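[1] Build me a model:
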Amino acid sequence: MTSTHYDVAIIGAGPGGYVAAIRAAQRGAKVAIVEKQYMGGTCLNVGCIPSKAMLHIAETLHNLSSIEELGITLPQPPVFNMNKAVAFKDKVVKRMTSGVSTLMKGNNVDVFDGLGSVDASRTVTVTKDGNTQQFSADKVILANGSVPFIPSMPGVDGDKVMNSDTCWNLPKTPESLICVGGGVIGIELACMFEALGTKVTILEMLPNVLAPVDEEVRKLLVRIMGKRGINIVTNAKVESIVDENGLKKVQTTTDKGEQSFSAEYVLMAVSRRPNTSGLEQLMEQGLDTDRGRVRVNDNLETNLPGIYAIGDLIHGAGLAHVASMEGEIAADNATGHPAIMNYDVVPNPIYTFPEIASVGLTEAAAREKYSEIRVERFPWSAIGKAVAIGETEGFTKVIIGKYGEFLGAHIIGPDATNLITEYSLAMRGELTVDEVEETIHPHPTLSEGLREAVLAAEGHPIHIPPRQAARAR
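    Residues are numbered from 1 along each chain as shown. All right, here's what the predicted structure looks like:
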């Protein structure tokens, strides 16, 4: 058993942990990072990155359905090879995870391979294949991440029942799939499998899928998914999964009584839960938790001195980019550079077809919180670039406060997940609508729609007629 001392130790090498390691090293600290499974964590290996690689393939296949309008004729229907798609996904993952390893080496971060456990004295024990290493640290950042939440029910551990970590290496495209869960993960994967040629049914226990999303945006996406043949059943509580006639039969209780649905595969996409492996000693020693998640203060420090927690381990948005920022903030505090984590402006991307992105308040939340707001939408069908690329479904929606400040913005349409950054920056910089109005946006681009939405809210849009109330204003 070797013994070494570090300034900062990080448990977990996902997008929160490895970013924390880099920032701490940049601050001059001697840094160690422990990873029990794979560099890059869930995000790079079985989450954000592989899903976006497969979603890119699926969207490309989906777009081929209208390719003849562009004057291009291909064999119909296009032939999709799942094995080649998985190989492409694996190549992307390998490149990204190798990049993280290179970054660790380039920043002189010592990497420990194994399960890391921590105690309140900030002693870290790393266990791998029966071998044990131990070291101490002045500060420890817990970045354990999360694992899929699998509800307890009969048949949930059966053959051809997948989750969002295990659905990436199928030998062929499923003929049919039941997705249990209509949150972000479930909706994204449903869109992906449908585009690859799978008949998809979504079962959601709540009255609506994508419950936190702005109502207007959510309704449009549900309508678009319905037109593509995705069957969405809400108020459906899954009771069990059984095998019947070579298929998986999912039995549910719905507002119409008991119903059953059958498909070749079942995808459990209910939610994710904190991964607390290795934290047993800390919990015994008084680590403060709330419903399974670690409590932290504005500096991301736990109630145990010198121990910080970030990412899916704590309450928050459950987003990789938020975990990365938390990693930077925790590392700053751990190295003597005081910083406070600010959650006021958090962009939320959803990689459906079309994409959805939002920042700030929904319309309903804004009306509840403020007595005076302005809400306006601008359709992609009025933007030249969107028409030119055949992506006209959806709109940009802005919610403006009494003094011209941005309270929220919601985009459903082409490249929404990139475009939302303009509104995020405007909100973070406390810009008002006139400053966006006076900023020249290049033509022809999708970004013109962002300015046009603001112009519409102010009553003088260029490419759509103003509403009567806005014209009067």
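
[2] pLDDT score assigned to Gly114?
    With respect to pLDDT, Gly114 scores 95.

[3] Go through the host helix or strand of Arg95 and flag the buried ones.
    For Arg95, the element it lies in under DSSP states H and E is helix 82-106. Going by neighbour count (16 or more other Cβ atoms under 10 Å), the buried part of helix 82-106 is Met82, Ala85, Val86, Lys89, Val92, Val93, Met96, Thr97, Val100, Ser101, Leu103, Met104. Every C-beta, even on glycine, is put in place using the N, C-alpha and C of the backbone.

[4] and which of these is nearest to Val359?
    The closest of those to Val359 turns out to be Met96 (Cβ to Cβ; 25.5 Å).

[5] Now for that closest one: which residues touch it?
    Gly40, Leu44, Ile49 (Cβ atoms under 8 Å, 6 or more residues apart in numbering).

[6] on that earlier part again, take the buried residues of helix 82-106 and lay them out in JSON lines including distance to Glu438.
    Compiled in JSON lines, the buried residues of helix 82-106 are given as follows (distance: Cβ to Cβ, whole Å):
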{"residue": "Met82", "distance to Glu438": "50"}
{"residue": "Ala85", "distance to Glu438": "46"}
{"residue": "Val86", "distance to Glu438": "49"}
{"residue": "Lys89", "distance to Glu438": "44"}
{"residue": "Val92", "distance to Glu438": "40"}
{"residue": "Val93", "distance to Glu438": "43"}
{"residue": "Met96", "distance to Glu438": "39"}
{"residue": "Thr97", "distance to Glu438": "44"}
{"residue": "Val100", "distance to Glu438": "41"}
{"residue": "Ser101", "distance to Glu438": "46"}
{"residue": "Leu103", "distance to Glu438": "40"}
{"residue": "Met104", "distance to Glu438": "44"}
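
[7] could I get the contacts of Met96 as JSON lines with neighbour count?
    Below are the contacts of Met96 laid out as JSON lines (neighbours: other Cβ atoms under 10 Å):
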{"residue": "Gly40", "neighbour count": "25"}
{"residue": "Leu44", "neighbour count": "25"}
{"residue": "Ile49", "neighbour count": "21"}
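
[8] From those residues, which land in helices?
    Counting by DSSP state H, the contacts of Met96 place Leu44, Ile49 in helices.

[9] JSON lines for the contacts of Met96, including distance to Pro347?
    What follows is these, written out as JSON lines (distance: Cβ to Cβ, whole Å):
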{"residue": "Gly40", "distance to Pro347": "21"}
{"residue": "Leu44", "distance to Pro347": "20"}
{"residue": "Ile49", "distance to Pro347": "18"}
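
[10] Between the contacts of Met96, which sits nearest Val200?
    Distance to Val200 across the contacts of Met96 (Cβ to Cβ) is lowest for Ile49, with 22.6 Å.

[11] pLDDT at that closest one, what is it?
    You'll see Ile49 listed with a pLDDT of 94.

[12] Also the one 3 residues further on?
    pLDDT, the model's per-residue confidence, is 94 for Lys52.

[13] And for Gly106?
    For Gly106, the predicted pLDDT is 97.

[14] Same check on Glu69?
    If you check Glu69, the pLDDT there is 89.

[15] gap between the helix holding Arg95 and the chain center?
    The chain centroid and the centroid of helix 82-106 are separated by 19 Å under Cα atoms, centre = their mean, to the nearest Å.

[16] Give the next helix or strand downstream of it.
    Taking DSSP H and E, what comes next after helix 82-106 is strand 110-113.

[17] how far away is Ile224 from Glu393?
    According to Cβ to Cβ, to the nearest Å, Ile224 and Glu393 sit 6 Å apart.

[18] My error: substitute Ile57 in the last question.
    Per Cβ to Cβ, Ile57 is found 21 Å from Glu393.

[19] Next: Val200.
    19 Å.

[20] Lys94 now?
    Going from Lys94 to Glu393 by Cβ to Cβ gives 35 Å.
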